[in-house]
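Enquirer: Below are the sequence and a predicted model for it; my questions follow.
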Amino acid sequence: MTSPRLSASVWLGAGVFLLTMAGQFVTFAPLTWLASALLVLYAVIEFPATPRISKLITCVLVGAGLILAAFGARPLAALQEGMARAEMFFVLFVAVMCLRMPADRSPALRAAQEAAIRQPAGRRDVFLALSAHGIGSVLNLAGLTLVASIIAGQEDGRVRRRLAQDISQAFTAAACWTPFFSAMTMVLATVPGVGWADVAPLGLVQSAALMMASLALGRAARRRGGVVTVPAVRPAPVSGWRVIGILASLFAVVILLSEGASLSIPIALGFAGPACGLVWWLAQRGRTTKARPAAAEFGRLVLEGIPGLRGEALLFLAASVFGSGLAAAVSPAAAKAALAALDLGPDATIIVLLTAMLALGAAGVHGVILVVVVGQMLPPEVLQLPVPAYAVLLLAMWGIATAASPAAPSILYVARPAGVEPWVLAWRWNGPYAVVATALVAAMAVTARHLPG
């Protein structure tokens with residue numbers, strides 16, 4: 001039986017991936033322009049298959065970006081910068097997809113989620129939050145889907161609600177520090193002079209604070225509504241160290257390449273994702289399976305998944321073009337002068353800014369757009385924040401706005417097994433957490449601004 005022929009967008013996407021990776025080691029301008037041309041062709045071919053709202057957002061952002069760039073001093077350079085950033089995101093999406101396939105079939109990860117759901121009510125919240133945060137921080141939406149699948153088997157509506165809150169809130173809190181999320185790539189590309197190692201320590205503190213706020217709100221809700229028990233079914237045997245080992249090894253490889261070899265995070269993931277995904281895939285097949293056919297199957301599944309990246313690719317392409325156009329047309333000095341005219345003061349500006357970001361996120365504005373607009377118009381010196389604290393602020397608000405957005409993929413993935421509309425999960429169930437979390441981020445940002453040094 002012959003395999004079906006791969007579509008043109010598959011080869012275009014593969015070309016973008018390979019040329020972008022090669023462009024990090026070979027300084028050859030035509031290589032960069034060829035990668036950009038292939039990405040545009042990929043977007044054109046896949047554009048008809050995207051939802052109507054995605055088409056509208058793409059057209060608006062690209063059109064606005066081109067108009068803004070035309071008013072700048074170097075419109076062609078701004079467009080080239082936006083395309084280069086979009087190519088990096090495409091590499092990130094392909095790399096994460098390579099990890100998703102073995103993760104979906106991992107017995108260790110599935111046994112871990114079964115063990116978490118069988119814990120007593122109070123401990124269960126902690127286990128599930130740590131599972132969603134830890135697994136999701138490395139496997140991205142693949143990890144979220146894996147953990148969220150346990151919600152569908154719960155008959156009690158109160159249990160489904162609490163599980164959905166635990167999982168969605170803990171997952172989005174990982175945006176504060178993990179290099180596997182597009183949030184980190186976008187923020188590091190937007191905020192100059194800062195790297196992952198500069199942001200991660202403070203980001204871990206911020207994410208821990210957000211998770212503790214989520215668990216505290218959940219405990220208060222349980223006290224009001226009564227404790228709901230889960231039937232004591234013996235879970236499948238699982239080695240927690242095996243799960244930790246899988247995730248830690250993936251994380252270590254990326255950080256080693258990023259920090260040790262001075263590669264950007266998407267390029268480090270571009271090397272680590274396919275390699276680690278293939279090794280993980282072969283390990284699941286056992287010694288009785290021949291390596292070459294299994295590797296060929298893995299490669300074909302990766303190629304076949306490239307058209308499915310159209311939604312993320314188009315959104316980040318459009319946002320990158322818009323961000324570059326905005327940076328070319330609007331200077332930080334102009335934004336600083338506008339703030340000075342309002343006479344709010346840095347602390348009040350931070351509070352107003354975070355409130356606006358939460359409101360826009362809850363209205364469905366994607367985090368990438370929020371980060372691009374804020375990062376280009378209100379750089380850290382305008383808010384008088386240390387650069388790492390400013391980067392963590394953007395990362396945290398990306399995650400919080402995602403938890404409150406009915407249009408966010410993570411909310412759609414969790415709402416489906418929970419059996420509710422996305423707006424119910426985002427606004428009614430996660431709304432109180434989003435407000436408390438935003439206040440917490442504002443408090444930490446204002447504190448960081450007043451710390452000496």
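Expert: Okay, I see it.

Enquirer: Just want the most central residue of this protein.
Expert: In the chain, the residue lying closest to the centroid (CA atoms, centre = their mean) is F181, at 3.3 Å.

Enquirer: Return the residues in contact with that residue.
Expert: Residues near F181 by CB atoms under 8 Å, 6 or more residues apart in numbering: S137, N140, A174, A175. Yep, even glycine has a C-beta here, placed from its N, CA and C like the rest.

Enquirer: Would you mind writing the ChimeraX command to select the buried ones in those residues?
Expert: Buried members of the contacts of F181, defined by 16 or more other CB atoms under 10 Å, are picked up in ChimeraX with:
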select :137,140,174,175
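
Enquirer: Mind picking the two most distant members of the contacts of F181?
Expert: Spatially, the most separated pair among the contacts of F181 is N140 and A175, at 10.5 Å (CB to CB).

Enquirer: can you give me the helices for the stretch 51-200 of the chain?
Expert: Ranges of helices within the stretch 51-200 of the chain are 52-71, 75-104, 107-117, 121-139, 141-148, 157-173, 182-190, 196-225, based on DSSP state H, counting those that start in this stretch.

Enquirer: Please identify which of those is closest to L385.
Expert: helix 196-225 (11.4 Å).

Enquirer: and that closest one, what's its mean pLDDT?
Expert: On average, the pLDDT along helix 196-225 is 89.

Enquirer: Would you check that V147 makes contact with L128?
Expert: Yes: if you go by CB atoms under 8 Å, V147 and L128 touch, sitting 7.1 Å apart.

Enquirer: coming back round to it: mean neighbour count, the helices of the stretch 51-200 of the chain: which tops it?
Expert: Most buried of the helices of the stretch 51-200 of the chain, by mean neighbour count (mean count of other CB atoms under 10 Å): helix 157-173, with a mean of 25.

Enquirer: Low-confidence bits of the stretch 51-200 of the chain, can you list those?
Expert: For the stretch 51-200 of the chain, residues meeting the criterion pLDDT under 70 lie at 113, 117, 121-122.

Enquirer: how far off helix 107-117 does the strand or helix carrying I246 point, in degrees?
Expert: In the assignment (DSSP states H and E), I246 maps to helix 240-255. For helix 240-255 against helix 107-117, the angle by axes from the mean of the first three to the mean of the last three CA atoms, to 10 degrees is 120 degrees.

Enquirer: sorry, back to before: using CSV, lay out the contacts of F181 together with distance to A401.
Expert: Shown next, in CSV, are those (distance: CB to CB, whole Å):
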residue, distance to A401
S137, 18
N140, 17
A174, 14
A175, 10
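
Enquirer: Nearest to T447 among the contacts of F181?
Expert: Once CB to CB is applied, the member of these that ends up nearest T447 is A175, at 20.3 Å.

Enquirer: Find the nearest non-adjacent residue to the closest one, please.
Expert: G399 (3.4 Å; CB to CB, 6 or more residues apart in numbering).

Enquirer: what sits against the one you found?
Expert: So G399 contacts T172, A173, A174, A175, C176, A183, S207, L210, G367 (CB under 8 Å, 6+ apart).

Enquirer: So it versus I151, what's the distance?
Expert: Look at G399 and I151: by CB to CB, to the nearest Å, they are 20 Å apart.

Enquirer: T447: neighbour count?
Expert: Using other CB atoms under 10 Å, T447 is surrounded by 10 other residues.

Enquirer: Figure out the helix or strand that it lives in.
Expert: helix 431-450.

Enquirer: how about that helix as PDB, C-alpha atoms only?
Expert: Extracted C-alpha coordinates of helix 431-450, given in PDB (Å, rounded to 0.1, in the frame of the first residue of the first chain):
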ATOM      1  CA  GLY A 431     -12.400  35.200  36.000                       C
ATOM      2  CA  PRO A 432     -11.800  35.600  39.800                       C
ATOM      3  CA  TYR A 433      -8.300  34.000  39.400                       C
ATOM      4  CA  ALA A 434      -7.400  36.300  36.500                       C
ATOM      5  CA  VAL A 435      -8.400  39.400  38.600                       C
ATOM      6  CA  VAL A 436      -6.400  38.200  41.700                       C
ATOM      7  CA  ALA A 437      -3.500  37.200  39.500                       C
ATOM      8  CA  THR A 438      -3.300  40.500  37.700                       C
ATOM      9  CA  ALA A 439      -3.300  42.300  41.100                       C
ATOM     10  CA  LEU A 440      -0.500  40.000  42.200                       C
ATOM     11  CA  VAL A 441       1.600  40.800  39.100                       C
ATOM     12  CA  ALA A 442       1.000  44.500  39.600                       C
ATOM     13  CA  ALA A 443       2.100  44.300  43.200                       C
ATOM     14  CA  MET A 444       5.300  42.400  42.300                       C
ATOM     15  CA  ALA A 445       6.000  44.800  39.400                       C
ATOM     16  CA  VAL A 446       5.600  47.900  41.600                       C
ATOM     17  CA  THR A 447       7.700  46.300  44.300                       C
ATOM     18  CA  ALA A 448      10.500  45.500  41.800                       C
ATOM     19  CA  ARG A 449      10.400  49.100  40.600                       C
ATOM     20  CA  HIS A 450      11.100  50.400  44.100                       C
END
